[in-house]
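Colleague: sequence and predicted structure below; questions after.
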Amino acid sequence: MSWIQALCETYDNYFGGEPLSDTHPLVPVGFLERQMDICIKILPDGKFSSASVLEDRSKYPVPSSPAAEGRTGSSAIPYPLCEELRYVAGDLTQYSQTDQLTYFTAYYEQFCTWCEVPDAPPELLTLKAYLERKTVVSDLVKCKLLYLDDNKKIRKKWGDRRTKPVFFTLKKPAEKCIVDFAILCGNVFVPLREIESVKKSWQKFLFTTLPGKQLCYSSGQQEPAIYNHAKIEGNAKLISAKDDKRDFQFKGRFTSSEQAYSVSYQASSKAHNTLRWLRDSQGFRKYGSTFIAWSTTARQIIAPQDEVDDGWGAEDKDDEKRYPKTEQAYGRKIASAMAGFKAAPEYQKGSKIIMLGMEAATPGRMSISFYQEIDGSEYLERLNLWYTRCLWRLPRWGRPDNKLSEYITTPNLEELGEAVFGVSAIRTANSDMRTEKSVTKQVRAFNIEMLSCIVNGRPVPDVFSRSAFRRSCRPESFTNKSGKWQRADWLKCLAVTCAMERSTNEKEEYEVSLNSNESDKSYLFGRLMAVADCVEIKAMDKSDSQHRQTNAIRYFSAVQQRPAVTWAVVEARLQPYLTKLRSTNYEKEFRALLDEIIGKFKPGDMMNPDALTPRFLEGYHCQRYEVLNPKK
């Protein structure tokens, strides 16, 4: 029950603390957000005025009940105020091919009971007078919002697109359209759901209808309990149970379902409303799962999946600071951001940060796949550790001048996934709307594992970094649908792999800039391959450099596995390109650089047949950047 307690605490802090400037406010207990389709305007005497289709597809808080929130199938359990047309229209049956009277009867009886409470708002009595007329559908037909066919039934389709009425753009049956009611107050029509007296009247009435008190397993108090809880996503519920009234149902050590769990309506409503609010305002939804990180202070926080480039230093107009080229500049950017965050109350020692992951096990069941609580100050320290440990010079489009540029940053989850599984696998997972494919499930599990690593201060797991290393060592596999080699995709994968290796190797410090004094065998072979690659790039036509593989690229995998033998082949094939550059200064520079790198090898290392470590990629990437971006 800890997740319910955390959500209830967040709810209490939201309404009990200072008002937050929130464009999407938290819905109070007894209310639920719904999307309205039709607005019916009523005069103070209960007569129809006009109606219109609501083209604004926003959701609004409306009165709700636990029974309505938990309804399934075709059961006639109405919401108290804003409901589907089949519930509010007493004359729908005569315009429909099926009997819809059951729905109206259930809605009208519940509404009349609400109107009978002492001090019922006059606006409710006005709506009751209109509902008694049973003319909702006929009024909508008269004002040409609904149309009838030749059999005097509601028309379901409209043939000519050019003359199609606005109602047919809703793309749902007329009886399923949700109706909003507005009453004329002075000179303005005001929706009933917005009138303060109506809101308070509903909350007061709702608590008089709840069942007897029982022990709430969340609050520990004797409160009215419910067992039909609200849905979270579609028809999926986090708290659900089958009906135990059937005979011979196994209950374990319990004699009734109430003994297994009991949650009060207030705790359930607070938790579900807060969870939906957090999901919509701060949630990270991908591959069929939802991940939320929040503070119980109800203030928005940095989420583990947030990119450093999004908003961090956005107020700084200096591109050198926003898009750092050196590791020191990036460190200053992170330190500056963290210093600002530390002053916020949600990151103080003693505050609580919650991480919760959800996914739908079946269409009707939602499960919690990840849950963790952490102190606010410790959470910030672990984020700082991740951003300062997992970083590299990455190519990004559109920053800062809508061009492909390289600057030091931390890879996001999608870039990490592309390095581990491949670009095509991530695209397949992104397009899998039903989230049923095996690759989607793998990427989903990867995201949860990576988020767990970030918030727990752990490096990238070896299984992921090894997979990315193997892919980076096979540059020839990076082709598009037409079979053209994609250098940019490979270089990005290689850079992300270096960032992952940097986060994994705590003892061995990976430097983003070139270390010309490094004598590690793998690092030096990477430098040699970068020089060989750049020699061919300088010698060939620039238009071919992105799609044509150099000899260094063709032998990249072989050099990683058998460096001593394969490098001799690459060096021999490099000579014609060096000769081609003889007319420029490049030949002398490249030959001198090759000799300098070879001179760095320890005795016997160059002929050592052992396979190269991931530092091979680090040496290649650093040397390539140094050659193509010489210091002025």
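Modeller: Nice, thanks for sending it over. Numbers count the residues shown, from 1 in each chain.

Colleague: which residues does the nearest residue to residue 626 once chain neighbours are set aside contact?
Modeller: Nearest residue to residue 626, sequence neighbours excluded (CB to CB, 6 or more residues apart in numbering): residue 514, at 4.6 Å. Glycine gets a C-beta too; all of them are placed from N, C-alpha and C. Shown in contact with residue 514 (CB atoms under 8 Å, 6 or more residues apart in numbering): 527, 622, 623, 625, 626.

Colleague: likewise residue 30?
Modeller: Contacts for residue 30 (CB under 8 Å, 6+ apart) come out as 63, 64, 65, 202, 203, 206, 269.

Colleague: ok, the nearest residue to residue 294 once chain neighbours are set aside - how many residues close by?
Modeller: Beyond its immediate neighbours in the sequence, the residue positioned closest to residue 294 (CB to CB, 6+ apart) is residue 278, lying 5.2 Å away. The tally of other residues near residue 278 (other CB atoms under 10 Å) stands at 21.

Colleague: rounded mean pLDDT for the helix or strand hosting residue 278, please.
Modeller: Take DSSP states H and E as the rule and residue 278 turns out to sit in helix 265-282. When pLDDT is averaged over helix 265-282, the result is 92.

Colleague: that older thread, which of the contacts of residue 514 count as buried?
Modeller: Buried subset of these (neighbour count, 16 or more other CB atoms under 10 Å): 527, 622, 623, 625, 626.

Colleague: is it true that residue 530 lies in a helix?
Modeller: Yes: checked against DSSP: H, G, I helix; E, B strand; the rest coil, residue 530 lies within a helix.

Colleague: for residue 199, see how far away the residue positioned nearest the centre of the chain is.
Modeller: Geometric centre of the chain, nearest residue: residue 284, 2.1 Å, by CA atoms, centre = their mean. According to CB to CB, to the nearest Å, residue 284 and residue 199 sit 32 Å apart.

Colleague: if we can go back for a sec, taking the contacts of residue 514 one by one, which sit in helices?
Modeller: 527, 622, 623, 625, 626 (DSSP state H).

Colleague: just put those residues in JSON lines and tack on distance to residue 167 and pLDDT.
Modeller: JSON lines is the format used below for those (distance: CB to CB, whole Å; pLDDT from 0 to 100):
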{"residue": "527", "distance to residue 167": "69", "pLDDT": "97"}
{"residue": "622", "distance to residue 167": "63", "pLDDT": "96"}
{"residue": "623", "distance to residue 167": "66", "pLDDT": "96"}
{"residue": "625", "distance to residue 167": "60", "pLDDT": "94"}
{"residue": "626", "distance to residue 167": "65", "pLDDT": "94"}
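
Colleague: from these, which is closest to residue 349?
Modeller: Checking the ones in helices among the contacts of residue 514 against residue 349 with CB to CB, the nearest one is residue 622 at 39.4 Å.

Colleague: ok, now which ones touch the closest one?
Modeller: 511, 512, 513, 514, 515, 526, 527, 530.

Colleague: and the residue nearest to residue 626, how far from residue 324?
Modeller: Using CB to CB, residue 514 is found at 17 Å from residue 324.

Colleague: how about the strands in the stretch 1-150 of the chain?
Modeller: Counting by DSSP state E, counting those that start in this stretch, the stretch 1-150 of the chain has strands at residues 31-35, 38-42, 48-53, 59-63, 83-84.

Colleague: relative to the fourth one, what are the paired strands and their orientations?
Modeller: The reference is to strand 59-63. Paired with strand 59-63 in the same sheet, following DSSP bridges, are strand 31-35 (antiparallel).

Colleague: may I see the buried residues of the partner strand?
Modeller: Neighbour counts over strand 31-35 (16+ other CB under 10 Å) mark 31, 32, 33, 34 as buried.

Colleague: of those residues, just say which sits nearest to residue 480.
Modeller: Using CB to CB, the buried residues of strand 31-35 come closest to residue 480 at residue 33, 43.0 Å.

Colleague: that closest one - nearest residue in space that isn't next to it in sequence?
Modeller: Ranked by CB to CB, 6+ apart and with sequence neighbours excluded, the top spatial neighbour of residue 33 is residue 59, at 4.1 Å.

Colleague: who touches that neighbour in this structure?
Modeller: Applying CB under 8 Å, 6+ apart, the residues near residue 59 are 33, 34, 35.

Colleague: per-residue confidence at it?
Modeller: What the model reports as pLDDT for residue 59 is 88.

Colleague: what do you get for residue 529?
Modeller: On pLDDT, residue 529 comes in at 98.

Colleague: cool, residue 419 as well?
Modeller: For residue 419, pLDDT reads 97.

Colleague: next up, phi/psi of it, please.
Modeller: phi -70, psi -40 (degrees, to the nearest 10).

Colleague: next one: the closest residue to residue 29 other than its chain neighbours relative to residue 210, how far apart?
Modeller: Closest residue to residue 29 apart from its sequence neighbours, by CB to CB, 6+ apart: residue 269 at 4.5 Å. For residue 269, the distance to residue 210 equals 11 Å [CB to CB].

Colleague: more neighbours, the two?
Modeller: Taking neighbours as other CB under 10 Å, residue 269 and residue 210 compare with residue 269 leading, 27 against 16.
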